[in-house]
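Trainee: I need the structure of the sequence given here:
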Amino acid sequence: MLQNRTRILIIRFRPPCNNMPSGVSAYRFGHYELRPRSRELYKNGIRVKLRPQPFRVLELLLEQRGDVVTREALRQTLWESETFVDFEQGLNTAVKELRASLSDSAELPRYVETVPRVGYRIVVPVETVPLAKSRLGSPESNAKPAEIPAVEVPAGPKVVHSRFSWPWLAIAAVVAVLVLGTSLEWWSHKRANAQQARARVMLAVLPFENLTGDASQEYFSDGLTEEMISQLGRIDPQRLGVIARTSVMNYKQNPKPLDQIGRALGVEYVLEGSVRRDTNTVRVSAQLIQVKDQTHLWSRQYDRELSNLLTLQAEIAQETADEIELTLGDKPARKSASQLPPASRVSYEVYDLCLKGRYFWNQRTESGLHQAAEYFQEAIDKDANYAPAYAGLADTFALLSTWQYVPAKDFMPKARATALKALQLDASLAEAHASLALVAEQYDYDWQTAEREFRRAIQLDPGDATAHQWYAECLALQGRFDEALDESARARRLDPLSLIIATDDGAILYYSRQYDRAIEEFRTVREMQPDFPRSDIILSAYVAKGDFADAQSELEAVVRSRNAGSNAGIFSREAYLYGRWGRPAEAKRWFAKYEAESKLHPSEADVPWAELNAYMGVGRKDDAIAVLEKCYDDHDVSITLKVDSLYDPLRDDPRFQDLLRRTNLAQ
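Mentor: Predicted coordinates:
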């Protein structure tokens with residue numbers, strides 16, 4: 001006998017009605033493909049588990065794409081009224097399961113949007129495709145699918161009646177076949193991935209040692225290291241992956257044993273060397289080492305005229321790749337002269353100026369970026385047709401703007417103009433495409449152009465970890481978190497020791513409301529560098545999660561470790577913390593301190609994030625909206641509008657919705 005508290009919910013699910021257009025076998029939307037005839041949902045070719053009720057809800061939404069499907073229409077279409085019990089609970093459960101299968105959320109919908117008190121609709125483009133174009137290419141059966149009884153009994157003894165034995169045996173047989181087919185498909189997919197992983201080896205180019213005895217020549221050895229990374233990364237990206245500059249530069253002043261480097265970076269091979277130059281000549285020594293047994297596979301010494309440096313870099317890169325292929329037992333795929341990077345006609349003087357520009361650009365400081373801009377501009381003045389100089393200047397203007405060192409409305413148009421000039425001279429420059437994407441995203445709010453340019457940059461230089469990182473952020477800001485995390489993972493594989501890439505990965509987790517994972521990521525960064533910029537997003541993660549005491553401890557640690565200067569930023573965060581904590585009196589006290597400090601240090605207090613934290617902490621929504629409007633006028637609006645929990649109290653405000661529309665972030 002069932003206990004009294006056991007509730008039996010019986011919902012008779014209507015048989016599916018296939019309203020698909022003639023000759024159409026599937027719906028495609030985003031990364032998904034739904035096949036009504038076989039009752040299957042796939043994500044990137046992998047089958048996704050989905051029960052009948054949520055599957056039919058999705059099918060109906062796709063059939064009525066572009067329109068709102070009312071809850072009443074769902075009830076009439078999917079459930080028989082004469083046997084209906086607790087329809088509201090049944091539909092809510094089905095939609096919740098559907099969103100879970102699509103990695104979607106009600107708060108930030110990517111696929112299924114709730115229209116309050118009305119129903120639901122699909123908010124992504126939907127494509128109907130014929131059978132022949134189905135992603136997996138396997139034919140679907142036209143047979144009518146077996147009806148599965150939708151009976152749920154939450155508790156109680158299992159009762160089996162003999163008259164049901166034959167139907168259940170038939171269903172069991174069908175399920176066994178499906179499980180076997182799915183298992184074989186999974187095994188084949190896993191095997192293919194494993195084979196691909198085995199086919200791709202990883203290489204680290206350690207910082208070339210400067211043997212000139214002159215510290216001012218560090219830019220030259222660092223530039224050679226970066227050029228070798230870039231050249232090797234473009235030779236055969238499907239077979240050879242190359243660790244990015246940021247991670248290898250950790251070993252410039254802090255050398256480690258090769259086996260330790262191999263484990264930390266996940267590489268099988270290491271290229272190391274040294275460089276010495278005088279007025280007209282350069283000597284480069286290089287050796288390729290296999291990490292597992294530290295075998296020296298080859299070593300070379302090259303003596304060249306400085307004017308032939310670019311050709312020398314291509315030569316070293318190709319010989320390195322050839323030796324790795326020979327070690328793997330493959331015949332070297334020697335590239336033709338047309339496939340190798342061309343020997344530039346640029347003078348060594350101009351090339352040297354660009355090396356200096358990249359050296360200071362990589363410092364990522366305000367003074368370093370300004371210095372980089374001067375070197376790139378000097379290179380352009382000496383050779384107005386050298387595309388990499390324009391690309392470097394575009395990168396510099398873009399970072400100066402996005403890091404708020406200069407007004408975006410003054411420098412972002414310059415970044416666009418120089419990037420376009422670089423591409424006019426050489427359309428294959430990946431860094432120029434990435435800079436153009438950054439301008440489109442941060443200044444124009446043109447997400448389609450940004451995505452197209454990021455993809456082009458990655459296609460041209462698959463080993464550019466920064467391009468993957470920026471593209472991941474672009475996807476996250478649109479609420480496309482699964483894609484963003486995949487792209488961020490690619491950046492991290494290419495640059496495993498990069499703190500900024502790890503921090504941005506944590507930011508994506510924070511934006512996607514995965515607060516525990518975000519906090520763990522930020523803690524890892526803090527262990528490596530306690531005061532690393534942007535890792536302070538951990539405070540926002542603690543607040544959003546409701547761990548106010550931990551957020552308070554973090555703020556106290558910041559106060560203890562910070563240098564002298566304005567306290568406005570600290571006070572604004574204190575106001576926000578206590579406001580979210582439900583302690584308004586303390587929030588107002590810290591807000592008063594913020595206002596007082598603002599009068600003493602107006603330039604430091606007038607930072608948008610500080611103003612927004614302070615106003616949101618004390619519930620002054622009108623003032624927060626005014627700050628956002630000013631930022632929009634300055635082309636400096638926070639493009640985290642759609643995803644940052646800071647703005648949750650403003651989401652129902654029509655003015656905030658209008659800001660989302662103007663920044664092309666509305667649904």
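Trainee: in the protein, where is pLDDT below threshold?
Mentor: Residue ranges of the chain with pLDDT under 70: 1-24, 44-45, 79-87, 107-108, 130-199, 327-345, 561-566, 603-606, 637-638, 667.
Trainee: in it, which residue is most central in space?
Mentor: Note on the chain: the residue nearest the mean C-alpha position is A472, at 2.0 Å, using C-alpha atoms, centre = their mean.
Trainee: quick one: residues contacting that one.
Mentor: With contact set as C-beta atoms under 8 Å, 6 or more residues apart in numbering, A472 has these partners: 484-485, 487-488, 491, 504-505, 508. Every C-beta, even on glycine, is put in place using the N, C-alpha and C of the backbone.
Trainee: and K642, by the same measure?
Mentor: 108, 477-479, 660, 665.
Trainee: how about the contacts of A472 in JSON lines, adding distance to R620, neighbour count and secondary structure?
Mentor: Formatted as JSON lines, the contacts of A472 follow (distance: C-beta to C-beta, whole Å; neighbours: other C-beta atoms under 10 Å; DSSP: H, G, I helix; E, B strand; the rest coil):
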{"residue": "A484", "distance to R620": "32", "neighbour count": "26", "secondary structure": "helix"}
{"residue": "L485", "distance to R620": "34", "neighbour count": "19", "secondary structure": "helix"}
{"residue": "E487", "distance to R620": "37", "neighbour count": "25", "secondary structure": "helix"}
{"residue": "S488", "distance to R620": "35", "neighbour count": "26", "secondary structure": "helix"}
{"residue": "A491", "distance to R620": "38", "neighbour count": "26", "secondary structure": "helix"}
{"residue": "D504", "distance to R620": "30", "neighbour count": "23", "secondary structure": "helix"}
{"residue": "D505", "distance to R620": "33", "neighbour count": "28", "secondary structure": "helix"}
{"residue": "I508", "distance to R620": "29", "neighbour count": "23", "secondary structure": "helix"}
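Trainee: ok, so of those residues, who is nearest D236?
Mentor: Nearest to D236 among the contacts of A472 is A491, at 19.9 Å by C-beta to C-beta.
Trainee: gap between the two ends of stretch 250-260?
Mentor: From its first residue to its last, stretch 250-260 covers 13 Å (C-alpha to C-alpha, to the nearest Å).
Trainee: which parts of the stretch 201-350 of the chain are helices?
Mentor: In the stretch 201-350 of the chain, the helices defined using DSSP state H, counting those that start in this stretch lie at 218-235, 245-248, 258-265, 309-327, 348-361.
Trainee: so which of those comes closest to T77?
Mentor: Comparison of the helices of the stretch 201-350 of the chain against T77 by C-beta to C-beta identifies helix 218-235 as nearest, at 53.3 Å.
Trainee: and that closest one with helix 309-327, angle?
Mentor: Counting by axes from the mean of the first three to the mean of the last three C-alpha atoms, to 10 degrees, helix 218-235 lies at 50 degrees to helix 309-327.
Trainee: counting by contacts, list what helix 218-235 packs against.
Mentor: strand 201-205, strand 209-210, strand 240-242, helix 245-248, strand 269-277, helix 309-327, helix 348-361 (3 or more C-beta pairs under 8 Å, 6 or more residues apart in numbering; DSSP states H and E).
Trainee: identify the residues contacting the last one?
Mentor: The set of residues external to helix 348-361 that reach it, using C-beta under 8 Å, 6+ apart, is 218-220, 222-223, 226, 306-307, 309-310, 344, 368-369, 371-373, 375-376, 378-379, 382-383, 386, 388-389, 392-393, 395-396, 399.
Trainee: give me the angle between that helix and helix 218-235.
Mentor: Angle, helix 348-361 to helix 218-235, by the same axes, to 10 degrees: 90 degrees.
Trainee: E595 versus D383, what's the distance?
Mentor: 53 Å (C-beta to C-beta, to the nearest Å).
Trainee: neighbour count: those two, which is higher?
Mentor: Set D383 next to E595 and count neighbours by other C-beta atoms under 10 Å: D383 wins out with 18 against 15.
Trainee: tell me the contacts of the more buried one?
Mentor: Applying C-beta under 8 Å, 6+ apart, the residues contacting D383 are 346-347, 350, 389.
Trainee: pick out the most distant pair among the residues you listed.
Mentor: Counting by C-beta to C-beta, the most remote pair of these is S347 and A389, 11.7 Å apart.
Trainee: which of those two has more neighbours?
Mentor: Of the pair S347 and A389, A389 is the one with more neighbours under other C-beta under 10 Å, namely 29 against 14.
Trainee: report the angle between the helix or strand the more buried one falls within and helix 348-361.
Mentor: Following DSSP states H and E, one finds A389 within helix 387-402. Note on geometry: by the same axes, to 10 degrees, helix 387-402 and helix 348-361 are set 20 degrees apart in direction.
Trainee: in the following helix or strand past helix 387-402, which residues are buried?
Mentor: Downstream of helix 387-402, the next assigned helix or strand under DSSP H and E is helix 408-425. Within helix 408-425, the residues that qualify as buried are 408, 411-412, 414-416, 418-423, 425, counting by 16 or more other C-beta atoms under 10 Å.
Trainee: let me know the closest of the contacts of A472 to R455.
Mentor: Here the nearest of the contacts of A472 to R455, counting by C-beta to C-beta, is E487; it sits at 10.3 Å.
Trainee: CA atoms of stretch 575-595 as PDB?
Mentor: What follows is stretch 575-595 as a C-alpha-only set of coordinates in PDB (Å, rounded to 0.1, in the frame of the first residue of the first chain):
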ATOM      1  CA  ALA A 575      28.500  50.500  -0.100                       C
ATOM      2  CA  TYR A 576      27.600  47.900  -2.700                       C
ATOM      3  CA  LEU A 577      28.400  44.900  -0.500                       C
ATOM      4  CA  TYR A 578      26.300  46.100   2.500                       C
ATOM      5  CA  GLY A 579      23.500  47.200   0.200                       C
ATOM      6  CA  ARG A 580      23.300  43.600  -1.200                       C
ATOM      7  CA  TRP A 581      23.700  42.200   2.300                       C
ATOM      8  CA  GLY A 582      20.500  43.900   3.400                       C
ATOM      9  CA  ARG A 583      22.300  46.300   5.800                       C
ATOM     10  CA  PRO A 584      21.200  49.700   4.400                       C
ATOM     11  CA  ALA A 585      22.400  51.800   7.200                       C
ATOM     12  CA  GLU A 586      26.000  50.600   6.700                       C
ATOM     13  CA  ALA A 587      25.600  50.900   3.000                       C
ATOM     14  CA  LYS A 588      24.700  54.600   3.400                       C
ATOM     15  CA  ARG A 589      27.600  55.200   5.800                       C
ATOM     16  CA  TRP A 590      30.100  53.900   3.200                       C
ATOM     17  CA  PHE A 591      28.300  55.800   0.400                       C
ATOM     18  CA  ALA A 592      28.800  59.000   2.400                       C
ATOM     19  CA  LYS A 593      32.500  58.200   2.700                       C
ATOM     20  CA  TYR A 594      32.600  57.600  -1.000                       C
ATOM     21  CA  GLU A 595      31.100  61.000  -1.700                       C
END
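Trainee: could I have the buried ones of the contacts of helix 348-361 as ChimeraX selection syntax?
Mentor: Entered in ChimeraX, the line below selects the buried ones among the contacts of helix 348-361, by 16+ other C-beta under 10 Å:
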select :219,220,222,223,226,306,307,309,310,344,368,369,371,372,373,375,376,378,379,383,386,388,389,392,393,395,396,399
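Trainee: assign a three-state SS to the closest residue to V607 other than its chain neighbours, would you?
Mentor: Once flanking residues are discounted, V607 sits nearest to G569: 7.1 Å by C-beta to C-beta, 6 or more residues apart in numbering. Going by DSSP: H, G, I helix; E, B strand; the rest coil, the secondary structure assigned to G569 is helix.
Trainee: measure G569 to A575 for me?
Mentor: G569 is 11 Å from A575, by C-beta to C-beta.
Trainee: more crowded one of those two?
Mentor: Taking neighbours as other C-beta under 10 Å, G569 and A575 compare with A575 leading, 27 against 22.
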